[in-house]
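Peer 1: quick check, what structure comes out for this input:
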Amino acid sequence: MTSKRIIVPQHLTTRDAVTLQRKLASLVSQQSTLPREIRHVAGSDGAYYGTRAVGAAAVVDYDSLELMETTTVRARVTFPYVPGLLSFREGPVVVRALRKLRRKPDVSIVDGHGLAHTRRFGLACYVGLIANLPTIGVAKSRLCGREVGETLVDAEGNVTAVILRLGKKSLYVSVGHKISLEDATRIVKHCLSRRGLEPVLLAHQEAKRLIWSLKT
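Peer 2: Okay, the predicted model is just below:
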């Protein structure tokens, strides 16, 4: 059964965005819909230059982490920077970059939070719902909640993220959509190299490369 396509209005007020965020949060699934064998993993990232936004996606072979494909898109920024509402600023270009890929990834790792968010709807949830794709949120800083051992918990004591300690740095891994936290953590650990989280790092490099070309 195919999911109904979700359309997000282009022009939203901050209040409307918060209301929509709470509505869409109820649609996020924490049940894995991964294939039996994962072959391709995408990383995605966004960047900005003035009033322009760029989105980038990179697909790697899951076993070798070898780069298979990259895509980039550019667009005008249509939503202001508001803490907790990054989804509506960066999400559209990230989704466009993922949809531009010739190889459909089995799962995408998003540079941002998933359920580990004030309203349980971070960028990874937005990308997963709109692209209808299993997604994982990986952030470098804590947005909300408190750390209990190697996990992040909300005010009710629910685990919202797993914390991976990498020397002095930490990665906060949370569910984006259509994946369990256990599977999300396993995939992120597999995709870590000496350089960092390989799929996201490659997407980040593509986004920065495009931004650089816009500056020159």
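
Peer 1: quick one: contacts for residue 29?
Peer 2: Counting by C-beta atoms under 8 Å, 6 or more residues apart in numbering, residue 29 makes contact with 177-178. Using the backbone N, CA and C atoms, a C-beta is placed for each residue, glycine as well.

Peer 1: once you drop chain neighbours, what's closest to residue 215?
Peer 2: Nearest residue to residue 215 in three dimensions, chain neighbours excluded: residue 49, at 6.5 Å (C-beta to C-beta, 6 or more residues apart in numbering).

Peer 1: for the residue nearest to the spatial centre of the chain, give me its contacts.
Peer 2: In the chain, the residue lying closest to the centroid (C-alpha atoms, centre = their mean) is residue 110, at 2.2 Å. Contacts for residue 110 (C-beta under 8 Å, 6+ apart) come out as 44, 94, 123-124, 127-128, 135-138, 176, 200.

Peer 1: if we can go back for a sec, what's the spacing between the residue nearest to residue 215 and residue 212?
Peer 2: As defined by C-beta to C-beta, to the nearest Å, residue 49 lies at a distance of 9 Å from residue 212.

Peer 1: quick one on the thing from earlier: bridging residues for the residue nearest to the centre of the chain?
Peer 2: Going by DSSP bridges, residue 110 is paired in beta bridges with residue 44, residue 137.

Peer 1: relative to residue 146, how far out is it?
Peer 2: Distance of residue 110 to residue 146, computed by C-beta to C-beta: 23 Å.

Peer 1: neighbour count winner among residue 49 and residue 212?
Peer 2: When residue 49 and residue 212 are compared for neighbours, residue 49 comes out ahead with 15 against 11, by other C-beta atoms under 10 Å.

Peer 1: hang on, the more buried one packs against residue 213?
Peer 2: No: applying C-beta atoms under 8 Å as the test, residue 49 and residue 213 come out as separate, 9.7 Å apart.
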